[in-house]
Structure formats: C-alpha cells, structure tokens
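Undergrad: can you look at this prediction? I've put the sequence above it.
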Amino acid sequence: MEKINSLQNVHVKAWKKLQTKKGRKQQSLYLLDGWHLVNEAVKAHVSIKTLLITEKQLASQPDLTKFPAVIEISDEVANHISATVTPQGVFALAQLPKVDDDPLANLDLSRPWLLLDNVQDPGNIGTMVRTADAAGFAGVAFGTGTVDIHQPKVERSMQGSQFHLQLISTDLTALVARLHAENLPVYGSELNPEAAQYLDIDAPASFGLIMGNEGNGMSAELLAQTDKNLYIPIKGRAESLNVAIAAGILMFGLYR
C-alpha cells in the first residue's frame, strides 16, 4: 500500500485544491470527509477512485476491498486536506457527476422540489437538503449564487442526504418555467401584503418552493415568477426565522 506523509507531495497539493470549485472542476473529483459520508456514497454506488486513510483508522478497518485504491496518509496530511478542525482520518476521492447539457431534462416531477436562491451558509444548505430528504421531496436545485454542491462543508453538512435525492445546479428562472410548463405551482417565501399564510395553502402533490438568501431573501426576479408567496406566522417576539428552520416548516406544512 502506498504511504504519503509529506505535505509537499504532489498528490497532497492536488487534494488540498479540492476545497475550491476550480480545483474540483480541474480534477473532476471532490472530497468526502469521514466514514459516514464515505459509506453512504458506497451504498449509493458513487464512483470512488481512492480511499485516503490514516494508520489509526486503517487498524480498525481491516477489509477495504470495496475500494479500487487505498493510500495511507499521515495525520498531518489528513489535517491539511480536511476542512474540519478534527478530521476522522478517512477520505474518499469521488468522481464528479457528469454535468448534463440540460440539467432540467430528467427531473422527477412527481414530488416537490426545493429551490435555493443565493443561499450562502453551508450549514443552512445542509439542513435544508436533509429536511427535503426527510420530507420526501424529489430534489433540491442550487441556483445562481448558492454555494457549490460539492464544497466540502456543504457535503459534510448534508450528512448523506445528497445521495438520497436529486441535486442539480441550474438557473432557477428556467426551472420555474419548467415547473409552470407542467402546470405545477411555485411558492416563494416572503412576508408582504399579498402573501398567504402557509397553513391556508392546499398544495398539490408536486410543486416548487423557493428559499432565498439569509439576509436579503428571494430575488425580485424570482418573486415575480411565483404563484403565491408564503409567510409563517410568528406568535412570539422574534423578528424572523432562520432560513433553514423556515424551509423545514414550509416543506412539511405544504407536502402533507
């Protein structure tokens, strides 16, 4: 088994670059950090090229035959390539999915979709993807300005739900047009005089739900395309809800 201990190794330098979108695109790879994500990827038949593992983790995992290649790395290398403060010491180099010429061509429209408009916080994104998975949504669309699907902190925060539903990166205005072409409603999330309380909405079996930027909300362009904008009544004194909490309430409230 190959062993790599030096931070100056050419492979280590390449793995470090997988923390950037440019590096992932150049290498056609992304990094999965930790056993949970690695095992979920294996179960989902994700194309894993190489497993990177420290000596301590190697001792507790005698059977690694399911991986096409295994490289032992030092703790120093593990700390260097990880986006976490205390990595487990196991990583998978996974093949980036092929980008479809038309990401809207093969969508499952039998169930709802969550649309993320310029959402910036990886933790919020991960919570919303996991909640969409739990609520039974078909997929999540990452719109312009939203953090990249394969950014390490996003991958980790999704905790495996990324392998349970469709994730696409696309222009949300085009996706909204596609949903409307199928006679499916699209709901926005904004408090305004025309907005409806979400509990008053009798949503169909499939629809689109747009959640906007943490500070600025949805873009005016998308607000103009929605069939109805929704609000969540706040009974206490809080001024607003975190976008991921609001998304969870709306997803379970609409898709029932």
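TA: Happy to help now that I have it.

Undergrad: mind listing the helices for this structure?
TA: Secondary structure of the chain (DSSP state H): helices at 10-16, 21-27, 35-43, 55-60, 75-81, 122-135, 152-158, 172-181, 220-223, 243-254.

Undergrad: minimum distance to Ala205: which of those has it?
TA: helix 243-254 (10.6 Å; C-beta to C-beta). Heads up, the C-betas are built off the backbone N, CA and C, glycines and all.

Undergrad: where does the stretch 101-250 of the chain dip in pLDDT?
TA: By pLDDT under 70, the stretch 101-250 of the chain has no low-scoring segment.

Undergrad: returning to what we had before: which of the helices of the chain sits closest to Ser189?
TA: helix 243-254 (6.3 Å).

Undergrad: about what we covered before: dump the helices of the chain to a markdown table, plus distance to Pro233.
TA: Shown next, in a markdown table, are those (distance: least, C-beta to C-beta, whole Å):
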| stretch | distance to Pro233 |
| --- | --- |
| helix 10-16 | 47 |
| helix 21-27 | 39 |
| helix 35-43 | 37 |
| helix 55-60 | 49 |
| helix 75-81 | 46 |
| helix 122-135 | 20 |
| helix 152-158 | 28 |
| helix 172-181 | 26 |
| helix 220-223 | 20 |
| helix 243-254 | 10 |
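
Undergrad: quick one: closest of those helices to Gly188.
TA: When those are compared (using C-beta to C-beta), the closest one is helix 220-223, at 5.5 Å.

Undergrad: run the chain-centre distance for the closest one.
TA: Relative to its chain's centre, helix 220-223 lies at 23 Å (C-alpha atoms, centre = their mean, to the nearest Å).

Undergrad: pretty sure Gly89 is touching Thr54, no?
TA: Yes. Here Gly89 lies in contact with Thr54, judged by C-beta atoms under 8 Å, at a distance of 3.5 Å.

Undergrad: next, show the common contact partners of the two.
TA: Ile73, Asp75, Ala78 (C-beta atoms under 8 Å, 6 or more residues apart in numbering).

Undergrad: report the buried members of those residues.
TA: Using 16 or more other C-beta atoms under 10 Å as the burial test, the shared contacts of Gly89 and Thr54 include Ile73, Ala78 as buried.

Undergrad: in CSV, list the shared contacts of Gly89 and Thr54 along with distance to Thr65 and pLDDT.
TA: What follows is the shared contacts of Gly89 and Thr54, written out as CSV (distance: C-beta to C-beta, whole Å; pLDDT from 0 to 100):
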residue, distance to Thr65, pLDDT
Ile73, 19, 97
Asp75, 24, 96
Ala78, 22, 97
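
Undergrad: show me the one of the helices of the chain that comes nearest Leu109.
TA: helix 172-181 (7.4 Å).

Undergrad: can you count the residues close to the spatially closest residue to Glu221 that is not a sequence neighbour?
TA: The shortest distance from Glu221 to any non-neighbouring residue, by C-beta to C-beta, 6 or more residues apart in numbering, is to Thr173 (6.4 Å). A count of neighbours around Thr173, defined by other C-beta atoms under 10 Å, yields 16.

Undergrad: list the contacts for Thr173?
TA: Glu221, Leu222, Gln225.

Undergrad: make it 10 Å
TA: Residues in contact with Thr173 (C-beta atoms under 10 Å, 6 or more residues apart in numbering) are Asp117, Gly143, Thr144, Ser219, Glu221, Leu222, Ala224, Gln225.

Undergrad: and what of Ala59?
TA: Counting by C-beta under 10 Å, 6+ apart, the residues that Ala59 touches are Ile53.

Undergrad: do you know how far it is from Glu221?
TA: Distance, Ala59 to Glu221, using C-beta to C-beta, to the nearest Å: 55 Å.

Undergrad: for the residue of the chain positioned farthest from its centre, give me its contacts.
TA: Centroid-distance maximum for the chain: Met1 at 33.0 Å, with C-alpha atoms, centre = their mean. By C-beta under 10 Å, 6+ apart, the contact set of Met1 is Ile53, Leu58, Leu64, Ala69, Val70, Ile71, Glu72.

Undergrad: I'm done for today, thanks for sticking with me.
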